[in-house]
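Peer 1: Show me the folded form of this:
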Amino acid sequence: MEYNILDSIDLNDKSIYKSFTDRYFSKRYILNVDGIENNDIMLMFHSNRITLLCLAPSHFFFKNPDKYSLNFTIGKVDRLSNLVKGKGKKGGQMLTPKSTICKVEWSDGTSFDIPCGMKGTLIEINENLVKNPEILREQPDADGFIAIMLSSIANSEATKNELLNHEEYLKRVNCSI
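Peer 2: Reported below is the predicted structural model:
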């Protein structure tokens, strides 16, 4: 009798397939940014030093169902005007861990800043998010990433080592719920 290995798994079970970001990015977390409870961000590091900035699933943003808009003009700096050129991505806006990437503005007039969380260069703002801000809430760690950043190998590795990994994050967040 011949055995078909494909019979041992349910190919219709979508939970066995990892998303692109789950396969190729290492998730790291910063909790309570600026001392604000549940002001949590997630940085997703790729092996090529590219980093995606996202809101962590535990961020207070996801508990507020109100309408919101995203503002990428921070003081005199328009993050949407960021322009990089060439293979080395020259000309991108320089970032420090406290640099604000955008501001979420609620319909009631309140707002909060989203910092980048690491030293590096802004490569681009997620254009899909600019056109359709709702994806920040609907797909926060896939199409709803906020920005793409790049840092040196040393800086990228040092930042990754300082932050909570996914398992540590889950333990900390589950304890606080």
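Peer 1: how about the residue nearest to residue 80 when sequence neighbours are not counted, what does it touch?
Peer 2: Spatial nearest neighbour of residue 80, chain neighbours left out: residue 72 (4.8 Å); criterion: C-beta to C-beta, 6 or more residues apart in numbering. For glycine as for every other residue, the C-beta is placed from the backbone atoms N, C-alpha and C. Residue 72 is in contact with 78, 79, 80, 101, 102, 103, 125, 130, counting by C-beta atoms under 8 Å, 6 or more residues apart in numbering.
Peer 1: The last one - that's part of a helix, no?
Peer 2: Yes - under DSSP: H, G, I helix; E, B strand; the rest coil, residue 130 falls within a helix.
Peer 1: For the residue nearest to it when sequence neighbours are not counted, which three-state class applies?
Peer 2: Leaving aside its chain neighbours, residue 130 sits nearest to residue 80 (6.8 Å; criterion: C-beta to C-beta, 6+ apart). Three-state assignment for residue 80 (three-state DSSP): helix.
Peer 1: Tell me which residues touch residue 80, please.
Peer 2: 72, 73, 125, 130.
Peer 1: What's the ChimeraX line that selects buried ones from those?
Peer 2: Command for ChimeraX that selects the buried part of the contacts of residue 80, burial taken from 16 or more other C-beta atoms under 10 Å:
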select :72,125
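Peer 1: Nearest to residue 24, out of the contacts of residue 80: which one, please.
Peer 2: Comparing these against residue 24 with C-beta to C-beta places residue 125 closest, at 20.7 Å.
Peer 1: wait, the closest one sits on residue 102?
Peer 2: Yes - counting by C-beta atoms under 8 Å, residue 102 is a contact partner of residue 125 at 7.5 Å.
Peer 1: then the lowest-mean-pLDDT helix or strand in the chain to PDB, C-alphas only?
Peer 2: Ranking every helix and strand in the chain by mean pLDDT, DSSP states H and E puts helix 20-24 at the bottom, with a mean of 77. The C-alpha coordinates for helix 20-24 follow below in PDB (Å, rounded to 0.1, in the frame of the first residue of the first chain):
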ATOM      1  CA  PHE A  20       4.700  36.500   5.000                       C
ATOM      2  CA  THR A  21       5.500  38.600   8.100                       C
ATOM      3  CA  ASP A  22       5.400  35.600  10.400                       C
ATOM      4  CA  ARG A  23       7.800  33.700   8.100                       C
ATOM      5  CA  TYR A  24      10.400  36.400   7.500                       C
END
